[in-house]
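*Asks:* take a look and give me a structure for this.
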Amino acid sequence: PAQQIASAHVRKEMPKEKRGKERHQPKSAAEASAVKTSVVFDTSLGQHILKNPLIVQAIVEKAGIRSTDTVLEIGPGTGNLTVKLLDAAKKVVAFEIDPRLAAELQKRVMSTPLQPKLEIVMGDAIKNELPFFDVCVANMPYQISSPFVFKLLLHRPFFRCAVLMFQREFAQRLGE
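*Replies:* Residues are numbered from 1 along each chain as shown. You can find the predicted model right below:
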């Protein structure tokens, strides 16, 4: 069931079986609204935050997102990639397992034109049903890389594109 929290669309998902601080000059409205965060990341969840703006831009470009697209993002973290996806897409559905990071992301888009385009799904993307989407973009935690790839390959209806960033060790295993 969907739940409205602080005017941001957030939905808490139950599994199927249960039914660093940064200082820089903002370049866009989304960056201007960015929340300075000091969240300690949980390495047991494989949390790693994408900070390099050139990599963020490359991911968005390679995804070929259209203004009519719904984008599925796995593990949005503090939203560095999310805000760029929101700029390009009609809607972003972001699965986040950590309530602290979901709250940071909500704060980041709050009171911006991007806010109504974001739906945060609280829960594990592996254990829950994926919604309809046109494009999937993810900066994958190592622990769920393999199961998520298989889940994505079996997903119906078909999606147009997926741009997934993996940790080097997993990517090397894929190439073997």
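
*Asks:* neighbours of residue 85, how many?
*Replies:* 27 (other C-beta atoms under 10 Å). Where C-beta positions appear, they are placed from N, C-alpha and C, glycine not excepted.

*Asks:* ok, it - contacts?
*Replies:* 60, 63, 65, 71, 73, 92, 137 (C-beta atoms under 8 Å, 6 or more residues apart in numbering).

*Asks:* what is the nearest of those residues to residue 86?
*Replies:* Proximity of those to residue 86, judged by C-beta to C-beta, is greatest for residue 92, which lies at 5.4 Å.

*Asks:* okay, how far is it across stretch 82-98, tip to tip?
*Replies:* Length of stretch 82-98, first residue to last, C-alpha to C-alpha, to the nearest Å: 16 Å.

*Asks:* can you give me the buried ones in stretch 118-136?
*Replies:* For stretch 118-136, burial by neighbour count (16 or more other C-beta atoms under 10 Å) applies to 118-126, 128, 130, 133-136.

*Asks:* per-residue confidence at the spatially closest residue to residue 101 that is not a sequence neighbour?
*Replies:* In space, and not counting its chain neighbours, residue 101 is closest to residue 77: 5.4 Å by C-beta to C-beta, 6 or more residues apart in numbering. According to the prediction, residue 77 has pLDDT 90.

*Asks:* and if you look at residue 176?
*Replies:* Note on residue 176: pLDDT of 83.

*Asks:* what's the spacing between it and residue 138?
*Replies:* 22 Å (C-beta to C-beta, to the nearest Å).

*Asks:* these two: which is more packed in?
*Replies:* Neighbours per residue (other C-beta under 10 Å) separate residue 176 from residue 138, with residue 138 holding more: 24 against 4.

*Asks:* can you tell me how far the closest residue in space to that one that isn't next to it in sequence sits from residue 111?
*Replies:* Closest residue in space to residue 138, ignoring its immediate chain neighbours: residue 74 at 3.8 Å, by C-beta to C-beta, 6+ apart. Here the distance between residue 74 and residue 111 works out to 26 Å (C-beta to C-beta).

*Asks:* now swap in residue 158 and tell me
*Replies:* From residue 158 over to residue 111 the distance is 36 Å, taken as C-beta to C-beta.

*Asks:* compare residue 74 and residue 111 (neighbour count), which wins?
*Replies:* Neighbour totals were compared for residue 74 and residue 111, and residue 74 leads with 24 against 11 (other C-beta under 10 Å).

*Asks:* mind listing what the more buried one touches?
*Replies:* By C-beta under 8 Å, 6+ apart, the residues touching residue 74 are 94-95, 125, 136, 138, 140, 144, 148.

*Asks:* can you check residue 64 too?
*Replies:* Residue 64 makes contact with 135, 160-161 under the criterion C-beta under 8 Å, 6+ apart.

*Asks:* thanks a lot, catch you later.
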